[in-house]
Structures are given as structure tokens and as C-alpha cells.
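1. Okay, structure incoming, though there's no sequence with it:
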């Protein structure tokens, strides 16, 4: 039986990798960006739009879906794919991160986290047993273990205890996946490497998690308020100790240059709400940096957001029209700009894969970043 | 040269008509419903969605577009079709109705209406000269004359003076259309019949406007607060005196049964914000009456809004999922429900045309209304 992950090639000048991940709902070519579908929809887009822009896999948020409409309802409706009309792979997070960032009155217990819903204050509990049951109900192609994400900054001892607890919970999730037939049915479960800014703890966490032989691993605890150099340092201190034959995923990141830099550090998978969230405010990405379409200077601009970029928004609409939709607070602005921004990210990752195949990723990605940052600086 | 309007057939049992209207941007099969695109977008839908659901012609609102982004900007961007990416016909209203319903501090003058913008309080003026210039800037396929829409109820003398002023302005708009080459370039201009609840004034208005030999005529001054029987009475008191060889349009109406009843009275064209507006609140149309998807009883409902209806929403999504999107306040709810409701209206008009061709419109439309109203009553 073929492995679920093929490492097709590793770049010679960087640690970048070209890979292929098999799931129950099809193949994912890596490196890849995953649009975020928090509440059972990638905000503002139809599944048809997602297919059009080349989305291979999307994310669902366990925390949100479990609160509303509940994972039991999703299961009764045939699972998340069927429920939301998306027939390609879905990765779900475990909900642990949202418990730390959104929920009220958290209390850490040995077998999980007690907290109150941010919607109605209802008392809830998430531990290994619960997150595996929820992600089974959702029918995730790739489930995530529940972990404790330490804040930034945090002290050494608090971090060590989070790493220890996360490892224990990861093992429990794995055992459940084995015993329940989750793995046998072709679902994947990814571990999460914590360790904050402590390189030794990150290495230790990566190496101990590797002994669980999980189908993939994520770098967690980044994008929690730390500056970009610190974030990249943490990713770079983690990836070398993650198994080379498993996909690697950094959670919740980042800007286009950050994605390219993390690819160079050997990361294969990304997700981020940034492109969707800023789109709804009028900020759109171009190879020369982001621009805000609310700006007066686009009032009569007849050019598309990006000349020649093959997506519905760029093929059909001028900057002037998109600016009008934004100022008139029309919903269509959210749809067209989200479509563009997510396509920009997906297209960037397609370029990444092509340049990895061509063997010139190192020079290409530095030039790409230089052009993008020059555009930023000139504004 | 063929006429711009072919009256293909007139029903024998009702006054319903099957027709075909030629415009600069293509042919419109009547009876037809026109989705409303107030601010240069049919709210929540892309032009691709509009093509998918079979929209033949859409509406643009002169009042709104003239305030923002301004008709001069639209002209500079190549006209409204080019600006919003819509290559089929567009009808624009004259803005007069919105001046009466939205603007502040109106003052009637002999050559137009002085008012303040509802957005920024700016002083503005709309008369025959201005509305013809604006609709020329927009590149309307069908422009409307400016008129005075009397409120409901209104007294006989006030109505007579509105009818008189509207007739004078209609003549001025017509003269401008002749002199400016508006007609010659293939644009149409429709007159508007006022007269409130006074049958004699409606007849007089219709007959005097007919002498202007305009390319089409609308019933105005309905849907301004009067009860449905009064509205239908006014339409029925007007259509017999409108030229049979010109398209007839009732402005701003109505529910599905109202549309069918007005078709039976000889109306060819309709527009209404109702299906879009209620969609955003969760109300969707079915042949058995409207249902509100927020209702608890749809929590686990695996059926589409309407079984077998061939639109993207009904083909792909359950009532339970759409209810979830509404409760989670996801934008996609607005898109999918607007798409369904507008398709429902467009599909209903396609059925109307088919039954007119089959010759059984009279019985079919009564049965359709009975089924719809029985569903309403059973809730």
C-alpha cells in the first residue's frame, strides 16, 4: 500500500519540499494553502467559487462547529463534506486554540479543558476523547490533536508543562484513533509541536511526538503575538526535527512573504484567515504588495486588481468598480475581494510548486519577496 | 425595420400577453421579471449568478447611482454595463420615486424637483433635462421619464396636478430623447401613468401619454402603501388604456400571486426588491408559499428549499445547512437565498410564458395561486 504522503523532491538550496498528500477525499499537492471555513463556509464564497480558484483542501473549525450547529447535527446530516457541499479534503483543528483565544473561564484539567461558550456562556469540556469524537462526527480527512498552546511570551516552566501535557494528550488522541478505527477508515491525525521560544523544548517536543508515528505534524504556538523574526526562528527551530517523510503544517499563518519563507524552511501546509479578513475591508494582494481599494486614487482606475491574473474578479471588474462596491457597502465587494485574495494565495502556492519542480525556488522566492516588499515600501 | 416590441399573442381568456422586446443589448422575452441592481449590483450576486438563473434584464437606480459613484464616473468608466460587468439589457428608473421616498427637504419646481441627498445632505436637482443626461451617462437600454408620484391616499386635485406635471415632464424627456439622438442610438424611453385611485385620471393619463408615442409605458403610483385589492384595481383601470403594441410595466411590484394577477391584466414587465430583501432575512419562496428557514423545524431538514428546482442553491444545499448559515450570520446565506428567490421569480415568469404559449394561462395561474395561498394558510 502506498504511503499517504509522497515526498516528491527536496530543494537543494533551501529546505523546501514538493510533496503529495493522499486523503479520503482526494490528493493534495504540497506546498499548499488551505482557505479557512470556520463555520462550515469559507466566508463569502460558494463551493463553486472555491473550485474555480483551485482550492484543494479547506479548513473547518471544531470549536465553532461544535458550538453551532454542533457536531452531532453535522453527523446526522452526513458529515461536514455533505453538509456544506464540499467534496474535496477538509482539515479540522481540534478547537484547543480557540478555547484559549475565545472562550471564557478556562480551567485546565488532567484530561482536558473546561470552558464557557463565547456565544451563550454554556459550560463545555474538550479533551482528547471529546475532540476525537467531534472530528469523527465531522468526518475530517485530517484531524488535529488537542494541545495546550502557551501564550507569548511565556516562562520556561509553564512552557515545559504545556509541552508535556500536549504530548500526553497527543498520545491519547492517537490511541483513540487506533482503537476507534479512525486510522483504518483512512482519516489522518496530525500532532502539534509546541515549545514557544525555547529551541530545546521545540526539538524535544518534535522528537517525542515523532515516536507516536502520526500521519503528519504541525508547528503550533506561532502567530500568537510574537514579532515575525521570532515566529520564523521558532518555525526554523522546529522543522529540522519533524519527520521528513510526513507533511508539515504551520497553523494560522501568514502573509505571502511569510509563506514563501516558511516553505524554504520545509513547511508544506498553511492556513490563515488573513486573506479573507482583510478582503472584507478592501485590502487586496498584488505581486507589488497589498493595496487598499478604498483609496481615492483608484476612483477611475480601469485596471483589474492584478493584470492577467486568471480569476473571476480580475477578469471582469475594474478597481474603480470594486472601490464603488466597498464604499456603497455592497456584499458583492466581500465576495469578489475574498475570491481574489484566496486565489492570489492559491496561485502563489501553485507558483511555488512549479518553481520547486523547475529547481529555482531559492532565487525565485527571494526575488518575489523583494518585489513585494519594494511595492510596500514605495507606498 | 422591425418594431422594437413584438406582441406575439394575447390570451383569449385573460388580458395576458406574450411578447418580445428588442434592446441595444439583446432581446427580452415577456412577461419578464427584472432583478433590481440598485447600486450597480444585484445585491449579493455576481453577474455570473445572474446569467445562471436566467436573468434577461436587470434594473439600475438612477437616484442611487447618481449620488454614488455619480453618473459622470459611470460614463467615464464606459457606462453601467461595462462598469458592473453586465452585458444584457438594463432598465433604469428616473430617480423621481426615490426623491419622494428617500430624499430630504423636497421642493417641487416647474422644471423639476429640488432635494437633499439622503447620504450627505448635498442639495440636488432632478428634472427632465437632468434625468435624461444621467440615464444617457449610464447607457440605459430603457430609460424612464421623471414623474411626480402622488402618495396614497391623496385628494383628487393634488392627483390631477401630479398627472398634469408628469405629462409635461414626459413630453420634455421625449423631446430631449429625440433631439439628443437617444432614440436614434436605439435607447428606449418609457412613460409613466399616474392617477392614484381615480380611474378617470388614470385613463386620461394613459391616453394623453400614448399621444407621445413612447417605446413603452409603466403603471406608476402603485405599491405606495395601498392594500392589494386597491393596487390591482388601479392596474386594471390603467392597462386597458395603454397602447397594446407597446410593452407595459408595473413598477416596484410584487408577490408571486400579484405578478400572476397583473400578467392576467395585461402587464409585461415587473421589478421588485421583495425577493432579494426577504432572502437576506431567511424568507424563501416555494410553490406552497414562502417559508422562513430560521424556523426550528428545519434544523435537520435534508430537503432542498424546493425539490427539483434547478438552481445552484436547490441542487446543492439542504434547508438545515441554509438555516445554519442564517443563524451563524454568514454572508453565504444572503448569496444562496437571494439566488434562490430571484431564480424562483424568473422561473415563475418562464412558466408564465410557457403557459401563455400553451394557451392555458387562465386556469394554470388560478391553480398556481390557489396552491401557494393554501400553503400560506396552512402555516
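-> All right, it came through fine. Worth saying up front: this structure is predicted, and the values here are computed from it rather than measured. Numbering: from 1, shown residues only, chains lettered A, B, ... in the order given.
2. Look up the closest residue to residue A:156, ignoring the ones flanking it.
-> Nearest non-adjacent residue to residue A:156, counting by Cβ to Cβ, 6 or more residues apart in numbering or on different chains: residue A:198, 6.1 Å away. To be clear about C-beta, it is placed using only N, CA and C from the backbone, and glycine gets the same treatment.
3. Just list the residues touching the one you found, thanks.
-> A:156, A:159, A:160 (Cβ atoms under 8 Å, 6 or more residues apart in numbering or on different chains).
4. distance of residue A:204 from residue A:248?
-> 17 Å (Cβ to Cβ, to the nearest Å).
5. Which one's more surrounded, these two?
-> residue A:248 (29 against 18; other Cβ atoms under 10 Å in any protein chain shown).
6. Give the bridge partners for that one, please.
-> Applying DSSP bridges to residue A:248 yields these beta-bridge partners: residue A:217.
7. now swap in residue A:115 and tell me
-> The partner list for residue A:115 in beta bridges (DSSP bridges) reads residue A:124.
8. Is it in contact with residue A:99, as I believe?
-> Yes. With contact taken as Cβ atoms under 8 Å, residue A:115 and residue A:99 are classed as touching, separated by 5.1 Å.
9. can you pull out the strands in the stretch 251-379 of chain A?
-> The residue ranges that make up the strands of the stretch 251-379 of chain A, judged by DSSP state E, counting those that start in this stretch, are A:269-271, A:283-284, A:291-292.
10. Out of those, which is the most enclosed?
-> Compared across the strands of the stretch 251-379 of chain A, strand A:269-271 shows the largest average neighbour count, a mean of 24 (mean count of other Cβ atoms under 10 Å in any protein chain shown).
11. Compute the first-to-last residue distance for stretch A:301-310.
-> By Cα to Cα, to the nearest Å, the extent of stretch A:301-310 from end to end equals 19 Å.
12. Please disregard the earlier target; I meant stretch A:43-58.
-> Length of stretch A:43-58, first residue to last, Cα to Cα: 12 Å.
13. who's in contact with the residue nearest the centre of chain A?
-> Computing the C-alpha centroid of chain A and ranking residues by Cα atoms, centre = their mean puts residue A:271 first, at 1.7 Å. With contact taken as Cβ under 8 Å, 6+ apart, residue A:271 is in contact with A:33, A:34, A:35, A:36, A:59, A:91, A:249, A:251, A:252.
14. burial count for the nearest residue to it once chain neighbours are set aside?
-> With sequence-adjacent residues excluded and distances taken as Cβ to Cβ, 6+ apart, residue A:271 is closest to residue A:34, at 4.3 Å. A count of neighbours around residue A:34, defined by other Cβ under 10 Å, yields 24.
15. again, but for the one 3 residues further on
-> By the other Cβ under 10 Å criterion, the neighbourhood of residue A:37 contains 29 residues.
16. so what's it up against?
-> Applying Cβ under 8 Å, 6+ apart, one finds that residue A:37 lies in contact with A:43, A:58, A:59, A:60, A:61, A:84, A:86, A:90.
17. quick one: which of these is nearest residue A:169?
-> For the contacts of residue A:37, the closest approach to residue A:169 (Cβ to Cβ) belongs to residue A:61, at 18.5 Å.
18. gap between that closest one and residue B:368?
-> For residue A:61, the distance to residue B:368 equals 44 Å [Cβ to Cβ].
19. can you check residue A:265 too?
-> Remark: distance between residue A:265 and residue B:368 (Cβ to Cβ) = 64 Å.
20. do residue A:35 as well
-> 42 Å.
21. who has more neighbours, these two?
-> Under the criterion of other Cβ under 10 Å, the comparison of residue A:35 against residue B:368 puts residue A:35 first, with 26 against 19.
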